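J.: only geometry, no sequence info:
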């Protein structure tokens, strides 16, 4: 568990922590980002974990494989997603 700030939604703060772990290399490419592990680690609801995962997926930092889970994208994949989003 960690301390939550009252001025931001929990899913954004969880996404910030995961984003930092990805950027620092704590979560390397292809690392499984499990909703259940987020629920357990941060003491949040499953829907909150889903919102955090969805935000990171929209940023291109993770990708989801149906029936397998969400994984950290390789750095060049994340950059390509950002570039494509800026041209849309």
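T.: Ah, there it is. Computed from a predicted structure; not experimentally measured.
J.: Look up phi and psi at the nearest residue to residue 46 once chain neighbours are set aside.
T.: Closest residue to residue 46 apart from its sequence neighbours, by Cβ to Cβ, 6 or more residues apart in numbering: residue 39 at 5.6 Å. The way it works is simple: take the backbone N, C-alpha and C, and place the C-beta from them, glycine included. The phi and psi values for residue 39, taken as degrees, to the nearest 10, are phi -60, psi -50.
J.: On the three-state scheme, the residue nearest to residue 73 when sequence neighbours are not counted is what?
T.: Spatial nearest neighbour of residue 73, excluding adjacent residues (Cβ to Cβ, 6+ apart): residue 63 at 5.4 Å. Look at residue 63: counting by DSSP: H, G, I helix; E, B strand; the rest coil, its state is strand.
J.: What is the burial count for residue 63?
T.: If you count neighbours by other Cβ atoms under 10 Å, residue 63 ends up with 18.
J.: Done for today, thanks.
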